[in-house]
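Participant: Mind folding the following:
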Amino acid sequence: MINLKCDQDLAKLGIINAGGWNILAFWDHLDSCDICREAQVALIDQLNKVISGEQEFEEVLPSQG
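Facilitator: Below you'll find the predicted structure:
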């Protein structure tokens, strides 16, 4: 799972939705958030693990119930 250092919600930022990852929203957030920009290497590593299948996509989806 990707845990943003600023503790903002991935879905509310538009980074993740039921269709998958919005990489542009992820990069936009890194550009605009000082806290996450400082931790961008670790955040990109987390994203790569999810994309490569090392982590399940469902682990990061908010519950829909």
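
Participant: Residue 44 should be in a helix, yeah?
Facilitator: Yes: judged by DSSP: H, G, I helix; E, B strand; the rest coil, residue 44 forms part of a helix.

Participant: which stretches of this protein form helices?
Facilitator: 23-32, 34-38, 40-52 (DSSP state H).

Participant: Tabulate these (CSV), appending mean pLDDT, distance to residue 1 and mean neighbour count.
Facilitator: The C-beta positions use only the backbone N, C-alpha and C, and glycine is treated the same way. Output for the helices of the chain, formatted as CSV (pLDDT from 0 to 100; distance: least, Cβ to Cβ, whole Å; neighbours: other Cβ atoms under 10 Å):
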stretch, mean pLDDT, distance to residue 1, mean neighbour count
helix 23-32, 95, 14, 14
helix 34-38, 95, 15, 13
helix 40-52, 90, 7, 14
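
Participant: Which of those sits closest to residue 11?
Facilitator: helix 23-32 (10.4 Å; Cβ to Cβ).

Participant: between the closest one and helix 40-52, what angle do the directions make?
Facilitator: 170 degrees (axes from the mean of the first three to the mean of the last three Cα atoms, to 10 degrees).

Participant: Just the C-alpha atoms of helix 23-32, please, in CSV.
Facilitator: Coordinates of each C-alpha in helix 23-32 appear next as CSV, following Å, rounded to 0.1, in the frame of the first residue of the first chain:
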residue,chain,number,x,y,z
ILE,A,23,-0.1,8.3,-12.2
LEU,A,24,-0.4,11.9,-13.3
ALA,A,25,-2.3,12.7,-10.1
PHE,A,26,0.4,10.9,-8.1
TRP,A,27,3.1,13.1,-9.8
ASP,A,28,1.0,16.2,-9.4
HIS,A,29,0.7,15.5,-5.7
LEU,A,30,4.4,15.0,-5.3
ASP,A,31,5.0,18.4,-7.1
SER,A,32,2.5,20.2,-4.9
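
Participant: Alright, that wraps it up for me.
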